[in-house]
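In: Next come a sequence and a model predicted from it.
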Amino acid sequence: MISTICSFLSVLLLVYSFAFWIRAFLSWFPESQNSPFLFFINKITDPVLNFFRKFRRKNSAVRIDFSFLYVFMVINILRTILSVLGTTGRITVWYILAIIIHEIWAYTFRFIFIVLLIIIGIRMIIGFSKNQNNYIWKERLNVIIRSPVNFTYRLLSPIYKLFTKGREVSEQTEIIISFIFYLIVYILLRLGINLLVGFLINL
C-alpha cells in the first residue's frame, strides 16, 4: 500500500516538474504569453515560484531568478525520498539528510562552481589571444570575475609573495591561478560530499 502511494505521488511530482520546464521554455517565446495553455501553466506554478521568490533579498544586486532552480531541487528531493520509500518501504533520517545534502550540492554549489569555472576559463583563453577586438569581452568578463579573482589573490597572497619575491603579478597570471584554485576546491568538495553522502546512507 505504501509502495503504491509513494509511486503515485512520485509520478505526480514528475508531471508537476514538467509544468515548470514548459513554463521556462515558453518564456523564451513572447508570442506564446497570451495563450490559454500558458495561462493554465502559470496558474499552477505561480504559487510555488512566488514562495521561493520571497527569499530573494530586495536589495540584492543579483537580478537572476533562481526560483526554478530551487523548485527542481525540492521536487527532486521529494521524488528521491518517495522512490526509496516505494522501493524499500522504509527510510532513515540519515538517508533523508544524505539526499538533502546531495541535492543542495547538485543544484546550488556545484552549479555555481561550474558556471564560475566556465566564465573564468573563457576569460583565461581570451587573455592568451592577441586579437585587439577581444578587449571589450575582456572588460565585460572582468566585471563578472573581479570579486572571485580578488578573493583568490587575497587568500593566496603569502604564496604569491613567496614565489614572485615582491614582483607584481600580471592580470592573466591571477586569472590562471584563480581557475586552478576553484577547480581544485570544486574537486575536493565533490569528493567530500560524495564521501559524506555515502557515509550517511550506510548509517
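Out: Received, thanks.
In: all contacts plus neighbour counts: C-alpha atoms, from now on.
Out: Fine.
In: which residue ranges form the helices in this structure?
Out: 2-26, 36-53, 67-88, 93-104, 110-128, 135-155, 157-164, 171-201 (DSSP state H).
In: Identify the residues contacting the fifth one?
Out: Applying Cα atoms under 8 Å, 6 or more residues apart in numbering, the set of residues contacting helix 110-128 from outside is 134, 138, 141-142, 145, 172, 175-176, 178-179, 182-183, 186.
In: and the angle from that helix to helix 171-201?
Out: Per axes from the mean of the first three to the mean of the last three Cα atoms, to 10 degrees, the angle that helix 110-128 makes with helix 171-201 is 160 degrees.
In: now helix 110-128, how far from the centre of its chain.
Out: 14 Å (Cα atoms, centre = their mean, to the nearest Å).
In: neighbours around residue 97, how many?
Out: 15 (other Cα atoms under 10 Å).
In: ok, back up a step: which stretch in the helices of the chain has the least confidence?
Out: Sorting these by mean pLDDT places helix 157-164 lowest, at a mean of 74.
In: Report the buried residues of that helix.
Out: residue 160 (16 or more other Cα atoms under 10 Å).
In: Roughly how far does the residue positioned nearest the centre of the chain sit from residue 190?
Out: For the chain, the residue nearest the mean C-alpha position is residue 111 (2.5 Å; Cα atoms, centre = their mean). Computed as Cα to Cα, to the nearest Å, the residue 111 to residue 190 distance reads 12 Å.
In: do residue 146 as well
Out: 25 Å.
In: One more: residue 137?
Out: For residue 137, the distance to residue 190 - Cα to Cα - is 31 Å.
In: These two: who's more crowded?
Out: Taking neighbours as other Cα under 10 Å, residue 137 and residue 190 compare with residue 190 leading, 17 against 13.
In: dump the residue contacts of the more buried one.
Out: Applying Cα under 8 Å, 6+ apart, no residues contact residue 190.
In: Nearest to residue 84 among the contacts of helix 110-128?
Out: residue 186 (28.4 Å; Cα to Cα).
In: What sits closest to the closest one if chain neighbours are left out?
Out: Distances taken as Cα to Cα, 6 or more residues apart in numbering place residue 113 nearest to residue 186, at 6.6 Å, with adjacent residues excluded.
In: Could you report the separation of that neighbour from residue 10?
Out: The value you get for residue 113 to residue 10, if Cα to Cα is used, is 30 Å.
In: Repeat that for residue 194.
Out: As judged by Cα to Cα, residue 194 and residue 10 stand 24 Å apart.
In: So between these two, which is more surrounded?
Out: Neighbour tally, residue 194 and residue 10, criterion other Cα under 10 Å: the higher count belongs to residue 10, 21 against 16.
In: In contact with that one, which residues are there?
Out: Going by Cα under 8 Å, 6+ apart, the list of residues near residue 10 reads 78-79, 82-83.
In: same thing but at 10 Å, please
Out: Contacts of residue 10 were listed using Cα atoms under 10 Å, 6 or more residues apart in numbering, and they are 4, 16, 75-76, 78-83, 86.
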